[in-house]
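Student: Need a 3D model of the sequence below.
(one chain, ligands or ions: 1)
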Amino acid sequence: MDVDEQHEEPTRAPEPHDIIWFSDGNVVIKTDAYLFKVHKGVLSMHSTVFKDMFELPNVGNPVDEDITGEKTQDLYDGLPVVALMGDEGEHVVHLLRAIYELRYHDFNSDEAALGTIVALLTLGTKYGFEEIRANVITQISRQFPNSLSEYDSKDFDWYYDIFGDDHFDSRFELLRVAYKTDAQALLPTLYFACSTYEVQYIVEVLRHNFSSGCTETLVTGREKLIQAINDLSWDIPEYVRAGIENSKCSAESHCLEKYRNVRLSTLGCEVDLRCTKGSKVVDEELASICSRCRSFVERAIEKKRKIVWKKIPSFFK
Ligand SMILES: [Zn+2]
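Tutor: The predicted structure follows:
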């Protein structure tokens, strides 16, 4: 939609939320869209930020102070109001429901909605819900391979949907949020997952809502990844030659001929480390070398791939 065609919604006062409105609540949380009547004790139990805030004199008491520290006299039904600044109402719904309803969000599920995941990481970080933040980081990390064998063994397309959302959109959204919330445990994995797309798609998506630091790390890390995979590919003929010398080759003239004619240009791996898998390279490029050379070459390639795999996080620093 063109900006010109957008019409501003008339500003509406936030309304009590249908679900998160407990008759015995003792504080009202306010966002731009909703009011939530909740319990100071429950929020304090989960959140260091709310705990500290409620412990301050006059905060969360009838003469109130909002989260930015501004003095306010805001009351609702005689209860103190804490205004959350700059948070989406729906994000706060996800957070509060996750706290109050045991079954609302399953941290062990791969079927959770991306919107909930993003809300929990964003607000869990902002308001110091430490356990929620840690759990959701683990939940996100489980969506991605964390070892080379897991990366290789996935027999599905590497481009699978994540948390019910398109693989491309979800990966970049998770990267954006992980960067914003400084989720260091996730960043290398997400940079790697996002680097697997062609650079024109990456540049296009990064134009929107991504910080320049995040963009630069992704693009330069992707270049380092390509370089490492290229280096690995170009070393393959050397492995064949070493194989002939070291593995008691049983068909030397044949294997030598293969070594001279190996066509690495057809590998076309670019950012795909799986493309260099030893058994795959031998099957496709060196199918008829003798079994001794074959096993030597496969092992040599795999050894090198493990080194590249371990280095991947360092490409995205
Ligand atoms: Zn041989």
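Student: Give me the phi and psi angles of the residue of the chain most remote from its centre.
Tutor: Going by CA atoms, centre = their mean, the residue of the chain most distant from its centre is S253, 49.7 Å out. The phi/psi pair for S253 (degrees, to the nearest 10) reads phi -70, psi -40.
Student: Please apply the same query to I20.
Tutor: Note on I20: its backbone torsions stand at phi -90, psi 70 [degrees, to the nearest 10].
Student: what separates it from L35, distance-wise?
Tutor: 9 Å (CB to CB, to the nearest Å). Quick note: C-beta positions are derived from backbone N, CA and C, even for glycine.
Student: And for L206?
Tutor: 37 Å.
Student: counting contacts, what elements does the longest helix along the chain pack onto?
Tutor: Scanning the chain for the helix with the most residues, using DSSP state H, yields helix 291-315. Applying 3 or more CB pairs under 8 Å, 6 or more residues apart in numbering; DSSP states H and E, we find helix 291-315 packed against helix 148-153, helix 187-195, helix 212-234, helix 236-246, helix 278-285.
Student: Mind exporting the C-alpha coordinates of the third one to PDB?
Tutor: Think helix 212-234. The C-alpha trace of helix 212-234 is given here as PDB (Å, rounded to 0.1, in the frame of the first residue of the first chain):
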ATOM      1  CA  SER A 212      23.700  -1.900   9.700                       C
ATOM      2  CA  GLY A 213      25.800  -4.000  12.100                       C
ATOM      3  CA  CYS A 214      23.600  -7.000  11.600                       C
ATOM      4  CA  THR A 215      23.600  -6.500   7.800                       C
ATOM      5  CA  GLU A 216      27.400  -6.200   7.600                       C
ATOM      6  CA  THR A 217      28.000  -9.200   9.700                       C
ATOM      7  CA  LEU A 218      25.700 -11.300   7.600                       C
ATOM      8  CA  VAL A 219      27.100 -10.200   4.300                       C
ATOM      9  CA  THR A 220      30.800 -10.400   5.200                       C
ATOM     10  CA  GLY A 221      30.300 -13.700   7.100                       C
ATOM     11  CA  ARG A 222      28.600 -15.100   4.000                       C
ATOM     12  CA  GLU A 223      31.700 -14.200   1.900                       C
ATOM     13  CA  LYS A 224      34.000 -15.900   4.400                       C
ATOM     14  CA  LEU A 225      31.800 -19.000   4.200                       C
ATOM     15  CA  ILE A 226      31.900 -19.100   0.400                       C
ATOM     16  CA  GLN A 227      35.700 -18.700   0.600                       C
ATOM     17  CA  ALA A 228      36.100 -21.600   3.000                       C
ATOM     18  CA  ILE A 229      33.900 -23.900   0.900                       C
ATOM     19  CA  ASN A 230      35.800 -22.900  -2.200                       C
ATOM     20  CA  ASP A 231      39.200 -23.600  -0.500                       C
ATOM     21  CA  LEU A 232      37.900 -27.000   0.500                       C
ATOM     22  CA  SER A 233      36.700 -27.800  -3.000                       C
ATOM     23  CA  TRP A 234      40.000 -26.700  -4.600                       C
END
